[in-house]
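A.B. asks: here is my input, please return the structure:
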Amino acid sequence: MDNTRPESLLLGIDTGGTYTDAVLYSEAAGLVAKAKALTTRHDLALGIAEAVGAVLEDAEALHHRIGLVSMSTTLATNALVEGQGGRAGLVMVGFSQADLERDGLRAALGQDPAIFLPGGHDVHGNETPLDLAPLGSWLETTAKAVDSFAVCAYFAVRNPAHEIAVCDEIRARTGLPVTASHELSTKLGGPRRALTTLLNARLIALIDRLIVATTGFLDERGITAPLMVVRGDGALVTASLARARPIETILSGPAASLVGAQHLTGLTDAVVSDIGGTTTDVALLSAGQPRLDAEGATVGGWRTMVEAVAMHTFGIGGDSEVRLADDAMEESLRLGPRRLVPLSLAETLHPGSVRPELERQAREPRSGRLDGRFAFSTGLPDSFAAGLSSGEARVFSRLDKAPQPLDRIIVSNLELAALQRLVARGLAQICGFTPSDAAHVARRQSTWDRESALLGAELFARHCHARGRFLSEEAQAIGERVLQSLTRRSAEAILQTAFAEDGLEMPPDHPFVRRALDRSEGVVRTAVTLDRPVVGLGASARLHYGSLGRLLSGECLLPEHMDVANAIGAVVGQVRVAAEASVTQPSEGRFRVNDGVETRDFRDEEEALAFAEERTRALAASRAAEAGAETHGLTATRAVKSVEVDGQHLFIEATVTAVAVGRPRIAA
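C.D. replies: Model (predicted):
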């Protein structure tokens, strides 16, 4: 009698801006099955259900054999790149208006409301009295116009008491989600902590929708396995932690792709370039590990305090907006950074809504500036439309679930600007000509409606550049030029990343880069290559990266299953959790340990350091279990700053860090 229990299967999901991928993975046999479905932004559960349903059917898998579900996503990354997200109210405790000018905080805040309260602490955790009186009246009006709140207090990483008090007050009065800065980072630098917290607050609703959609689908299918989410450093955490700290999922998809690339190729050193619908993400594998950015991830122009892979994100992808350079005297194509819904896809999803309008515009003797552009609502709940201006509300009321031509619903530049703000809020999407359409025109892709792509190319070809001539007479030529431009921009992005890793600033329009990529003839022969191979990932990598190796004079690998590398990376990753404590000396002979939870003073330096190590080990172990680790290994390090004065040791400060690493729990 065979009592061997069947091996648990691992279900990996990646929700991107265009596609949702699913894989079934066996730790013994590797990839069992894979599937793709379009990401349905208005109801994420639909795309997840289609992809997961297909992969389960393909593998003829029993639901009860799934022991772990792990997901990565580019939704948070795309939202920051495209300037999207909900409205958030910012509460600054102990700061002044002048602090908004630091680290790009004022630009990030935009038109969202903010209030400054007296309070905060000093570097040793000693408080300035907190005054909550102004908060109440501010919340009465602000709560009606925002989706969430962000709270940042002066030196909260040394004493979070005031942040906790403000968060409790906001929750009691509004019931809305609140993020405190000390929950996200232990690093000093108040304005950048505030920026990180603000972005986190804006992303809460977005990631919450994704996790709710996923858990809802799993419940319907009777899948009871733990649900994990990939963080931006490639580590896994439970879904509940990801819902509270969605900012940590920025670069989740790219981080998973790095883990997947290493797993698929076995390479220890490589440049990994992952092309999606909205962005291309480029990063380095060194010694078999993704390199982390010690300064914090930069996405969408914002430098955060989130520890994540040292990823360089470029706004170019298969769904990038194709446009003409505004100031070009010659024909000059521009791609991105904005994502558009491809015309060919829009017609496929909504038959009869796009192609007839494109035909109407093509019959006109002159091209219009809004030709080839459509808009539709994303179908988000009405609560997401809180705080719209009268102009935004007017445009929003004209939108439907099916695409409508802009030349019929937009009557002025002011309304066009209002539409762009609706896009930034995630309430609307714009359709237009993209590289995906160009691929259909060139017959290199046949997924969606080619006739709509051809019409879009013809309308785009009628645009005039600064010399007053049409861009092209043929749609086919436009398609080829767009595809060549995307491959060229991909090569430039990879080189820009490589130069940055070497500490060099080399923009893509630098003459050296242009000459090298163009193979220009001259007295000086210019060439550039890399010290490691390029690994191309993404559903369209084979289409766009076929000639990348020639451009870069090196090897470009396109591994099997490169189209689902993110989903594979999501299930082969590990839980990694850190805890940190600071040791300061507020007065001579007094050593203060603060770990973000409690503060304790000691008379002896070594005793304080030993306590800090004990506390961080305990916190890391506890957080690893909370993050979903089954078993874990622990390491602790000390970073002590001190000087020798007249032969005597003089302590300045110290940081003690403990790290727990382990595989997630897999249900039997």
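A.B. asks: hmm, Met306 is touching Thr298, no?
C.D. replies: I think there's a mix-up here, since residue 306 is Val and not Met. No: with contact defined as C-beta atoms under 8 Å, Val306 does not reach Thr298; the gap is 9.7 Å. No exception for glycine: its C-beta is placed from N, CA and C like everyone else's.
A.B. asks: so for the two, which sits in the more crowded spot?
C.D. replies: Shown here are Val306 and Thr298; by other C-beta atoms under 10 Å, Val306 has more neighbours (24 against 19).
A.B. asks: could you list the domains of this protein?
C.D. replies: Per automatic domain parsing, the structural domains of the chain span 9-81+208-264, 88-201, 298-318+488-567, 320-482, 574-662.
A.B. asks: most tightly packed of those?
C.D. replies: domain 9-81+208-264 (a mean of 23; mean count of other C-beta atoms under 10 Å).
A.B. asks: what's the straight distance from one end of that one to the other?
C.D. replies: 18 Å (C-alpha to C-alpha, to the nearest Å).
A.B. asks: one more: stretch 590-601?
C.D. replies: Note: stretch 590-601 ends 7 Å apart using C-alpha to C-alpha.
A.B. asks: and for stretch 359-368?
C.D. replies: Start-to-end span of stretch 359-368 (C-alpha to C-alpha) is 13 Å.
A.B. asks: centre of the chain to that stretch, how far?
C.D. replies: Using C-alpha atoms, centre = their mean, to the nearest Å, the mean C-alpha position of stretch 359-368 is found 38 Å from that of the whole chain.
A.B. asks: thought Ala516 was touching Thr526, still the case?
C.D. replies: Yes: counting by C-beta under 8 Å, Thr526 touches Ala516, with 4.7 Å between them.
A.B. asks: now the common contact residues for the two.
C.D. replies: Shared contacts of Thr526 and Ala516 (C-beta atoms under 8 Å, 6 or more residues apart in numbering): none.
A.B. asks: nearest to Leu285, out of the domains of the chain?
C.D. replies: Of all these, domain 9-81+208-264 sits nearest to Leu285, with 5.7 Å by C-beta to C-beta.
A.B. asks: residues contacting the residue nearest the centre of the chain?
C.D. replies: Centre of the chain computed as the mean C-alpha position; nearest residue by C-alpha atoms, centre = their mean is Thr77, 1.6 Å away. Neighbouring residues of Thr77 by C-beta under 8 Å, 6+ apart: 250-254, 279, 281, 299-300, 313.
A.B. asks: ok, those residues vs Val441, which is closest?
C.D. replies: Ranked by distance to Val441 (C-beta to C-beta), these are led by Thr279 at 22.8 Å.
A.B. asks: low-confidence regions, the stretch 301-450 of the chain specifically.
C.D. replies: For the stretch 301-450 of the chain, the stretches flagged by pLDDT under 70 are 326-331.
A.B. asks: if we can go back for a sec, what's the closest of the contacts of Thr77 to Ala418?
C.D. replies: Gly300 (21.5 Å).
A.B. asks: give the next helix or strand downstream of the least confident helix or strand in the chain by mean pLDDT.
C.D. replies: Across the helices and strands of the chain, mean confidence by mean pLDDT, DSSP states H and E is lowest for strand 298-299: a mean of 69. Helices and strands here follow DSSP states H and E; after strand 298-299, the next one along the chain is strand 302-303.
A.B. asks: show me what that following strand is packed against.
C.D. replies: helix 190-221 (3 or more C-beta pairs under 8 Å, 6 or more residues apart in numbering; DSSP states H and E).
A.B. asks: quick check: Cys449 touching Ser344?
C.D. replies: Wrong residue type there; residue 449 is Asp, not Cys. Yes: the criterion here is C-beta under 8 Å, and Asp449 meets it with Ser344 at 4.7 Å.
A.B. asks: overlap in contacts, the two.
C.D. replies: His440.
A.B. asks: surely Thr214 touches Ala49?
C.D. replies: No: contact criterion C-beta under 8 Å: Thr214 and Ala49 do not qualify, at 9.6 Å.
A.B. asks: find the residues that touch each one of the two.
C.D. replies: Counting by C-beta under 8 Å, 6+ apart, nothing touches both Thr214 and Ala49.
A.B. asks: low pLDDT regions in this structure?
C.D. replies: 1-6, 41-42, 59-62, 81-84, 299-300, 326-331, 464-473, 631, 667-668.
A.B. asks: can you give me phi and psi for Ala442?
C.D. replies: Here is the backbone geometry of Ala442 (degrees, to the nearest 10): phi -80, psi 0.
A.B. asks: roughly how far apart are it and Glu321?
C.D. replies: Between Ala442 and Glu321 the computed distance is 18 Å (C-beta to C-beta, to the nearest Å).
A.B. asks: ok, now Lys144?
C.D. replies: Separation of Lys144 from Glu321 (C-beta to C-beta) stands at 34 Å.
A.B. asks: show me what contacts Arg600?
C.D. replies: Contact analysis of Arg600 by C-beta under 8 Å, 6+ apart lists 592-593, 611.
A.B. asks: let's go with 10 Å and repeat that
C.D. replies: 581, 591-594, 608, 611-612, 615 (C-beta atoms under 10 Å, 6 or more residues apart in numbering).
A.B. asks: which of these fall within strands?
C.D. replies: 581, 591-594 (DSSP state E).
A.B. asks: tell me the one among these nearest to Ile666.
C.D. replies: Ala581 (31.7 Å).
A.B. asks: pretty sure Ala108 sits against Ala201.
C.D. replies: No: using C-beta atoms under 10 Å, Ala108 is not in contact with Ala201; the gap is 11.2 Å.
A.B. asks: any shared contact partners between the two?
C.D. replies: Leu90.
A.B. asks: all strands for the stretch 201-350 of the chain, in order.
C.D. replies: Assigned by DSSP state E, counting those that start in this stretch, the stretch 201-350 of the chain shows strands spanning 227-230, 236-238, 270-275, 280-286, 289-290, 292-293, 298-299, 302-303, 308-309, 312-314, 320-324, 333-339, 341-342.
A.B. asks: cool, the stretch 401-550 of the chain as well?
C.D. replies: Using DSSP E, counting those that start in this stretch, strands in the stretch 401-550 of the chain cover 404-405, 428-432, 534-537.
A.B. asks: could I get those strands as a markdown table with distance to Gly260?
C.D. replies: Shown next, in a markdown table, are those (distance: least, C-beta to C-beta, whole Å):
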| stretch | distance to Gly260 |
| --- | --- |
| strand 404-405 | 39 |
| strand 428-432 | 28 |
| strand 534-537 | 7 |
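A.B. asks: out of the ones you listed, flag the one nearest Gly94.
C.D. replies: strand 428-432 (38.4 Å).
A.B. asks: tell me what angle that closest one forms with strand 320-324.
C.D. replies: Angular relation of strand 428-432 and strand 320-324 on a 0 to 180 degree scale: 60 degrees, by axes from the mean of the first three to the mean of the last three C-alpha atoms, to 10 degrees.
A.B. asks: heads up, I number from 15, so please use that
C.D. replies: From this message on, residue numbering opens at 15, which makes the last subject strand 442-446.
A.B. asks: where does Ala674 sit: helix, strand or coil?
C.D. replies: Put simply, Ala674 is strand when judged by DSSP: H, G, I helix; E, B strand; the rest coil.
A.B. asks: which residues sit in contact with the residue lying closest to it once chain neighbours are set aside?
C.D. replies: Nearest residue to Ala674, sequence neighbours excluded (C-beta to C-beta, 6 or more residues apart in numbering): Ala638, at 3.7 Å. Counting by C-beta under 10 Å, 6+ apart, Ala638 touches 251, 589-593, 644-648, 672-676.
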